[in-house]
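A.B. asks: The following block contains a protein sequence and its predicted model.
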Amino acid sequence: MLPYLGILGLAVPVPAFTLLLGLWLALDQIEKKSNLITLDKRFIYNLAFNTLLIGLVGGRVTFFLINPNLFIENPLSIVSLNSDLMNISGAFLSALIFLIITSNRKQTSLFSILDGFTPGIALFAVFYHLSNFFSGNAFGSEATLPWSIDLWNALRHPVQIYEMFAALIIFFMIFPRNLTPKRKPGLSFLYLVSLSSLSKLFFEAFHGDSQTILGHFRTLQFGTLIIFALSVWAIIKVKQSKFKVE
Amino acid sequence: MDYLNIKQWKIILIILLPLGLVWIWFSSTLPGVESTRSTTAPQVGFKAPEISLLNLAGEKVSLSDFEGQVVMVNFWASWCTPCTREMPAMQAVYAKYHDKGFEILAVNTTYQDQKSEAELFIQDNQLTYPILFDLTGGTSRDYNLLSTPMSFFIDKEGIIQNVIPGGPITEAAIISIIESLLGEEN
């Protein structure tokens, strides 16, 4: 755990810095790997950036629409930097609507756009887990293993590190060095979804912060198993399609 | 990934679906969330570390005195601008929600502050919620405090439900958190 780093007398929040670094490298990857899709590299880079902005604004606006009473006395709170004033579902939904509108306007498939984002999302996942390791969030369950880490008054699985390496392996599985632009639209994104959900299904077992249902079953595992099944089904459908890659 | 054909993907699906269900069942037998609720740590999901400090009147105030209430523990210093900017918002929420079972414990990091400056700030801003003085830094250490302000939201069972590092936190943010915690038993 490394929540802060003292640099020139300033306490730099390492988890937030790691996320920012991850975001920057993710956008860079989106641009660099744009040769694998049929879209222009500036277009996909700008679209990724705009989607992020729309997601942030959409998340805040949705929160405001659901809880208008919280802003009556201090309307300026709507532009405050508190991350708690966000609705995650609203953020995802607004980003998705924006992408659907853009894909219609530019007459390109949504799958191609998602494929364009995939290198960035896959790389960002690595930094997300590393950020959790530095902050102590998403911690592991108690375990006395040679590689256990002392966190929150117990020896625990370094589950954030397990997941970070898994994300790194997933990135290189989807984007091996010799990859050529011959995949059908949607496959890169679906590979990422299927492998990531499989990874989460496996490593969630070593988490110490899992939400449970029906006694001791970990809620996220059910969700990830369903997502895995749906994504593999979608991969089969895309592979069966008659779309020819030029 | 690309070398797998349709038939192989179907086999993967058929094999991994039941295996996944078996793994979910097996995972449920491994140690999980229950152990954290009895362990003390300054992290979401854990029991909040005990606080026992002197208030403005020199009386000892403990976090355990407020069992059954939703408590916001806020660490602050008089020289810290984000801290002093968020305290009026905290006072406004306190005035509205105190009767509904909401309490604020504002821990002044006195070991790195001037007590007289802190007292002057409290007086000037007419803060009515309990202000405690961490003279030795022991409580700040227990809460793993590395910067101010920092706020911990503790539910009625004494479990930390939200941690907000930095600030200033707005009135809307505080209300959105405590309303869900106050309404939990309903």
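C.D. replies: Received it, and whenever you're ready, just let me know what you need. Numbers count the residues shown, from 1 in each chain, chains lettered A, B, ... in the order given.
A.B. asks: Which parts of the chain are strands?
C.D. replies: Answering for chain A, as no chain was given. In chain A, the strands defined using DSSP state E lie at A:4-7, A:10-13, A:149-151, A:154-156, A:212-213, A:217-218.
A.B. asks: Hmm, no, I was thinking of chain B.
C.D. replies: Going by DSSP E, chain B shows strands at B:52-55, B:60-62, B:70-76, B:102-108, B:131-133, B:150-154, B:160-165.
A.B. asks: The spatially most central residue of chain B: what's it in contact with?
C.D. replies: Closest residue to the average C-alpha location of chain B: B:F152 at 2.0 Å, with C-alpha atoms, centre = their mean. Applying C-beta atoms under 8 Å, 6 or more residues apart in numbering or on different chains to B:F152 gives the contacts B:P42, B:A48, B:M72, B:V73, B:N74, B:Y143, B:I160, B:N162, B:V163. Bear in mind the C-beta positions are built from the backbone N, C-alpha and C, glycine included.
A.B. asks: and the gap between the nearest residue to it once chain neighbours are set aside and A:G223?
C.D. replies: Computed as C-beta to C-beta, 6 or more residues apart in numbering or on different chains, the closest residue to B:F152 that is not its neighbour in sequence is B:V73, at 4.4 Å. Separation of B:V73 from A:G223 (C-beta to C-beta, to the nearest Å): 33 Å.
A.B. asks: more neighbours, the two?
C.D. replies: Neighbours were counted for B:V73 and for A:G223 using other C-beta atoms under 10 Å in any protein chain shown; B:V73 has more, 25 against 14.
A.B. asks: Hmm, that one is touching B:V107, no?
C.D. replies: Yes: contact status for B:V73 versus B:V107: in contact at 6.4 Å, counting by C-beta atoms under 8 Å.
A.B. asks: Check which residues of stretch B:112-120 are buried.
C.D. replies: Residues of stretch B:112-120 classed as buried by neighbour count (16 or more other C-beta atoms under 10 Å in any protein chain shown): B:D113, B:A118.
A.B. asks: Could you do stretch A:231-246 as well?
C.D. replies: A:S231, A:V232, A:A234, A:I235, A:I236, A:V238, A:K239.
A.B. asks: count of neighbours near residue 146?
C.D. replies: Just so you know, I chose chain A. A:P146: 4 surrounding residues under other C-beta under 10 Å.
A.B. asks: if you could check chain B rather than the one you did, that'd help
C.D. replies: Look at B:L146: counted by other C-beta under 10 Å, it has 13 neighbours.
A.B. asks: before we move on, could you check phi and psi at it?
C.D. replies: The phi and psi torsions at B:L146 (degrees, to the nearest 10) take the values phi -120, psi -10.
A.B. asks: Distance from the chain centre to the longest helix belonging to chain B, please.
C.D. replies: Counting residues, the longest helix in chain B under DSSP state H turns out to be helix B:6-27. Distance, stretch centre to chain centre, for helix B:6-27: 39 Å (C-alpha atoms, centre = their mean, to the nearest Å).
A.B. asks: who's in contact with that helix?
C.D. replies: For helix B:6-27, contacts defined as C-beta under 8 Å, 6+ apart pick out A:198, A:201-202, A:204-205, A:217-218, A:221-222, A:225, A:228-229, A:232-233, A:235-236, A:239-240, B:4.
A.B. asks: CA atoms only for it - export them in CSV, please.
C.D. replies: The C-alpha coordinates for helix B:6-27 follow below in CSV (Å, rounded to 0.1, in the frame of the first residue of the first chain):
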residue,chain,number,x,y,z
ILE,B,6,-16.5,-21.6,-33.9
LYS,B,7,-16.5,-25.3,-32.8
GLN,B,8,-13.7,-24.6,-30.3
TRP,B,9,-15.5,-21.6,-28.9
LYS,B,10,-18.7,-23.7,-28.4
ILE,B,11,-16.6,-26.3,-26.6
ILE,B,12,-15.1,-23.6,-24.4
LEU,B,13,-18.6,-22.3,-23.5
ILE,B,14,-20.0,-25.8,-22.8
ILE,B,15,-17.0,-26.7,-20.5
LEU,B,16,-16.5,-23.4,-18.7
LEU,B,17,-20.2,-22.7,-17.8
PRO,B,18,-20.6,-25.7,-15.5
LEU,B,19,-17.0,-25.2,-14.3
GLY,B,20,-17.8,-21.6,-13.5
LEU,B,21,-20.8,-22.7,-11.4
VAL,B,22,-18.6,-25.2,-9.5
TRP,B,23,-16.0,-22.4,-8.9
ILE,B,24,-18.7,-20.1,-7.6
TRP,B,25,-19.9,-22.8,-5.1
PHE,B,26,-16.3,-23.6,-4.1
SER,B,27,-15.5,-19.8,-3.7
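A.B. asks: Could you single out the nearest of the contacts of B:F152 to A:N67?
C.D. replies: B:N162 (15.7 Å; C-beta to C-beta).
A.B. asks: give me every residue that touches the closest residue to that closest one other than its chain neighbours.
C.D. replies: Nearest residue to B:N162, sequence neighbours excluded (C-beta to C-beta, 6+ apart): B:F153, at 4.0 Å. For B:F153, the contact set (C-beta under 8 Å, 6+ apart) comprises B:V70, B:V71, B:M72, B:I160, B:Q161, B:N162, B:V163, B:I164, B:I177, B:I178, B:L181.
A.B. asks: Quick one, grab the pLDDT at B:F153.
C.D. replies: We have a pLDDT of 96 for B:F153.
A.B. asks: where do the contact lists of B:V73 and B:V107 overlap?
C.D. replies: Listed as contacting both B:V73 and B:V107 by C-beta under 8 Å, 6+ apart are B:I51.
A.B. asks: filter the buried residues of stretch A:231-246 by proximity to chain B?
C.D. replies: A:V232, A:I235, A:I236, A:K239 (C-beta under 8 Å from any C-beta of the partner chain).
A.B. asks: if I look at the nearest residue to the first one once chain neighbours are set aside, how far off is B:V22?
C.D. replies: For A:V232, the nearest residue in space outside its immediate sequence neighbours is B:L13; the separation is 4.6 Å by C-beta to C-beta, 6+ apart. Using C-beta to C-beta, we find B:L13 at a distance of 15 Å from B:V22.
A.B. asks: Mind splitting chain B into its structural domains?
C.D. replies: Chain B breaks down into these domains under automatic domain parsing: B:1-30, B:33-182.
A.B. asks: which one of the ones you listed is the most hemmed in?
C.D. replies: Highest mean neighbour count of the domains of chain B: domain B:33-182, a mean of 18 (counted as mean count of other C-beta atoms under 10 Å in any protein chain shown).
A.B. asks: Do you know the pLDDT at B:G32?
C.D. replies: 66.
A.B. asks: How about B:L21?
C.D. replies: 96.
A.B. asks: Thank you kindly, that will do.
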